[in-house]
Structure formats: structure tokens, C-alpha cells
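Visitor: build the 3D model from these lines:
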Amino acid sequence: MHTIVFIGSNKSGTSREALTISNEMGYFTVLITNRKSFIRQRKEFPEVHRMIYVENLLDKDKILSIIKDLEQEKSQIGAVISFIDPFVAFAGKLSQELGLVQMSIEALTIMEEKTNVRKHLKKLPVSPKYAVYQLDDPIEKVLNHFKESFPLVLKSPVSNGSKDVLLVNSADELQEGLKYLKKRLPNHTVLIEEYLIGPQYLIEVMVINGEISIVAIIDQEILNGTRFIITGYSYPALLSIEENEKLQTAVFSIIKKLELENGTCHLEMRIVNGEWKLIEINPRMSGGAMNRIIEEGTGINLVKETIKLFLGMEPNLEKTAMKCVYAKFVTVQSRGKLIKVTGRNRALKHDGVKVVFVKPRKGAILRKPLSLGDRYAYVVAVADTTEKAKRIAGKAANEIRFYLDPL
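Guide: Next up is the predicted model:
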């Protein structure tokens, strides 16, 4: 049996789509997961042929033992893949050890840790000012160092999905933010960066034998507040010729400096006074609705082409569509236990709506957004202009109502 082994998955989004697409491509699909809930909900994963629970997904000996057992059962392992942090580089190392397609492991490893990214890129003009603060150091040290630099952004070096990322505007907020992160971060290290003001974009990239392809540039709409929650994605991003040329130069300089020869990544960047600055880079394609946004806008199923890259096949990144797409995400403004959700069918009836997705089940605890995981629904709409796609998605998203029992 031709087999693909996936290390970890979320319940929905890009990593879940990868399981479905692997199955559709005719592969025996194996998911190794550290989520006991997935084992209990096994019947909800019909696309997975074998699901195996492992408490620590970074336990190389355990994973290799599972793969050896699969091979003894006549499975022919074609790829070991992960679409979620922090297992991307680890999957690449397993592939290397098994003699499969070689990814750029060192580059992927760097991208999984934000302080390493900043250190490797510090001489490039795309890099903001930053410092690494040890939470065991006296707080007066950092207060004195940054007293003239507000606003600032505090980040966990291994955060993803905007978890443990804070905007602080004063010395008091900085002190409170550091205290908050000290309780949450086991490694007691915080990345402190200057706050960059300007429109933000997501850039999806695939690199094949050193050839860099910018697959999509997406405009991001950020919810007002201190947590950088993205509530809207618009494709294609409306950039001037000069902005687009500068972006390509900036992205290529980053990829080459990291020495990424084979793999995928996505970057978040801002235009600041006419120049591009890197917010962050991750060693995988973006999650959530990103694959559907790109497929509706370009005709490219980026998850499928990524799987082909890991299998040693030639990805096809030729665009077969040119449509405007907008994805609108829905959050709630109070904490409570979910009683019911209404409006899904009404949202689907809006002309141009392609997808309506609602994540939480009845009984789930919902809260105001602290990370991207606190977005509870989304609508993807397609139209002939960006403005129209955004308007359709917004109206459809307004149909969705979450009824909560306050806590």
C-alpha cells in the first residue's frame, strides 16, 4: 500500500484538508495524533485509514517504530508530513532518516523559533528592531531599555496563531505583559519587537530545488485590539507595481538568507513607509480557510501541491482562475457555554458564498478572541471585484448567531 504518514492534525483547516486530499489521491492515510479526543471521535475521520495515538509527537523512536510496523504490514511509505507546528521540521528529519524526499530541515527548524528567525535575518532591511528578554532578568532592565520605544509587541518565540502575542503601549502595560507571559512561557524567553504600522499581508510561498514561487498574496484585516486577531482575508491583494516588485525582492532575500531550497512557508509582512517589513514566517502553509481561498481565487489546490512536493512529484502552480475572494471570520464578544448556532443555511443562500464553516459544537466554551483559535466561524465568498466579495461575505457572516449561556 502506498502510504502517507501525517504527524499531527487539527480538527479543521489546512491540516485536516491534507488528510482528505491524501485519501482522494489514493494513498493509505495514517494519522499519528496526540489528541485523545480524536481517538474517541474516530468515526468522524473517515478519510483516515489508520489513526494512532502517541502522547509525545516528537518522540522519534516511537514514531519510527510505528513506521517500521507499517512497513512490516506491507505499507510503502511515500512521505512523512506535518502541516502544523511544531512538527514540520521533525517530519522533515524523519523523511531524511527514512531516505524519502529531502526537505530543507535547517531552514524549517529556524522558522519554528522566532528568535532564531530574527537572528538569521537581522542584517536584512526587512527586519524590525528587536530584543530577546529573559523573564528571569530584572524587569527594570527591559523597562529602561524600551522606555522611549512604545508601542511594542511581546511574543513567545514559539507562538503560532497569534497565541501569546501582546501589543503594549506604556511602561505599565509592558510590565503587566511580561508578568502575564512569565506565567505562560516555560522557556522564560520573550521576543520584544518594535510595533510596525501599516497594512498587513500574508504571502504563501513554495520553494522547489531553490526556485521560489510566490503562490498568493492576501490582504489581512485585523481586529482592533491588542491580540492581532485576523478577521478578514482578501485575495488578490491590491498592490501597486512598485509595491509588488519590492515585495518579491524582500521575500526572495528572506528565503535565500534562510537557505530554504525545498519546502513551503508563509510570511506575514507589512508595508511601513513604503518598505516591506517581516512580521513573522512559518515553515508551512497557513491554516484555517487558506487552501480554499487560494483554490477559489487561482484554481491551485495548494495542499495537494504541497503533498506532491513531499512525495517527490512535480507540483503544478499554474493559475487556472482569476477571481476575487474574501473570507470573513466570526468571533464572539463574551464568554459563555454554547447553546446553539443559527444562520448557517441563510448564509449559504447568499449569491457568491462558497463556504460556510462553524467550528464549535453545542456545549463548547466560547470566549472573546485571544488567539486565532478563538474565531468560531467563517464565510468564503467569490465575486468579480474585491469590494463585492467583501460585501457578500460580510452580509453572510452577519447571519450567523451564537447563543451563549453566560459564565
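Visitor: which residues touch the helix ranked longest in the chain?
Guide: In the chain, with assignment by DSSP state H, the single longest helix is helix 241-258. Helix 241-258 is contacted by residues 107, 110-111, 117, 120-121, 124-126, 201, 203, 205, 207, 212, 214, 217, 239, 265, 267, 269, 271, 274-276, 278, 281 when judged by CB atoms under 8 Å, 6 or more residues apart in numbering. The way it works is simple: take the backbone N, C-alpha and C, and place the C-beta from them, glycine included.
Visitor: swap in 6 Å and give it another go.
Guide: The contact list for helix 241-258 (CB atoms under 6 Å, 6 or more residues apart in numbering) reads A107, I110, L121, L124, V126, I203, I212, W276.
Visitor: out of these, the closest to E221 would be?
Guide: Among the contacts of helix 241-258, I203 lies closest to E221 (CB to CB), at 16.0 Å.
Visitor: picking that back up, pLDDT, neighbour count and distance to V382 for the contacts of helix 241-258 - can I get that in CSV?
Guide: Below are those laid out as CSV (pLDDT from 0 to 100; neighbours: other CB atoms under 10 Å; distance: CB to CB, whole Å):
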residue, pLDDT, neighbour count, distance to V382
A107, 96, 23, 34
I110, 96, 23, 36
L121, 97, 18, 36
L124, 97, 14, 36
V126, 96, 21, 32
I203, 98, 24, 21
I212, 98, 16, 28
W276, 97, 23, 28
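Visitor: give me the subset of those lying in strands.
Guide: Within the contacts of helix 241-258, residues falling in strands by DSSP state E are I203, I212, W276.
Visitor: what's across from the first one in the sheet?
Guide: Applying DSSP bridges to I203 gives these bridge partners: I217, L267.
Visitor: just to check, it is in contact with L267?
Guide: Yes. Contact criterion CB atoms under 6 Å: I203 and L267 qualify, at 4.6 Å.
Visitor: please report how far K62 lies from P125.
Guide: From K62 across to P125, the span is 44 Å (CB to CB, to the nearest Å).
Visitor: neighbour count: the two, which is higher?
Guide: With neighbours defined as other CB atoms under 10 Å, K62 and P125 compare such that K62 has more, 15 against 12.
Visitor: burial of the spatially closest residue to that one that is not a sequence neighbour, as a residue count?
Guide: Setting aside the residues directly before and after it, K62 is nearest to V54 in space (CB to CB, 6 or more residues apart in numbering), at 5.6 Å. Residues near V54, counting by other CB under 10 Å, number 16.
Visitor: how much space between V54 and N160?
Guide: 20 Å.
Visitor: equivalent analysis for D69, please.
Guide: 31 Å.
Visitor: please say which of those two ends up with more neighbours.
Guide: Counted by other CB under 10 Å, D69 and N160 do not tie: N160 has more neighbours, with 20 against 11.
Visitor: that one against I84, yeah?
Guide: No. Assessed by CB under 6 Å, N160 is found out of contact with I84, at 8.2 Å.
Visitor: how is the chain partitioned into domains?
Guide: Here the chain is described, according to automatic domain parsing, as comprising the domains 2-100, 129-194, 200-406.
Visitor: burial of T331, as a residue count?
Guide: Residues near T331, counting by other CB under 10 Å: 16.
Visitor: tell me the confidence at it?
Guide: In this model, T331 is scored at 95, pLDDT.
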